[in-house]
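[1] Predicted model, plus sequence, below.
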Amino acid sequence: MAASTGGGKAKYIIGALIGSFGISYLFDKVISDNKIFGGSTPGTVSNKDWWKATDEKFQAWPRTAGPPVVMNPISRQNFIVKSRPE
């Protein structure tokens with residue numbers, strides 16, 4: 001028997017991936033959009049006037065903050081950025 005190079009396996013894996021994405025999309029569409037388990041879309045999501053008023057409210061708040069910081073992504077520590085003396 002000759003050893004197989006595995007070239008035939010890729011089409012099954014790719015096909016299975018595409019199929020699983022298709023099934024996931026259909027389930028999401030039926031459950032979320034068609035609301036087969038009941039429920040409704042909240043007014044805070046569907047009402048554009050509510051969103052606009054809320055955004056204006058947040059933009060109107062006074063902003064106070066401390067000094068600017070830089071986060072070190074490795075140690076997850078924040079360091080205060082100080083201006084350099086010139």
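    Alright, I've got the coordinates.
[2] list the helices and strands the helix ranked longest in the chain packs on?
    Across the chain, the longest stretch assigned as helix under DSSP state H is helix 7-28. Taking 3 or more C-beta pairs under 8 Å, 6 or more residues apart in numbering; DSSP states H and E as contact, there are no helices or strands that helix 7-28 lies on. C-betas here are computed from N, CA, C, even on glycine.
[3] mind listing what's buried in the following helix or strand past it?
    Downstream of helix 7-28, the first helix or strand assigned by DSSP states H and E is helix 43-46. Residues of helix 43-46 classed as buried: none (neighbour count, 16 or more other C-beta atoms under 10 Å).
[4] CA atoms only for helix 43-46 - export them in CSV, please.
    C-alpha atoms of helix 43-46 as CSV (Å, rounded to 0.1, in the frame of the first residue of the first chain):
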residue,chain,number,x,y,z
GLY,A,43,-37.0,50.1,22.7
THR,A,44,-33.4,51.3,23.6
VAL,A,45,-32.2,49.4,20.5
SER,A,46,-35.0,50.1,18.1
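[5] neighbouring contacts of whichever helix or strand comes after it?
    Using DSSP H and E, the helix or strand that follows helix 43-46 in sequence is helix 48-60. Applying C-beta atoms under 8 Å, 6 or more residues apart in numbering, the external contacts of helix 48-60 come out as 43, 44.
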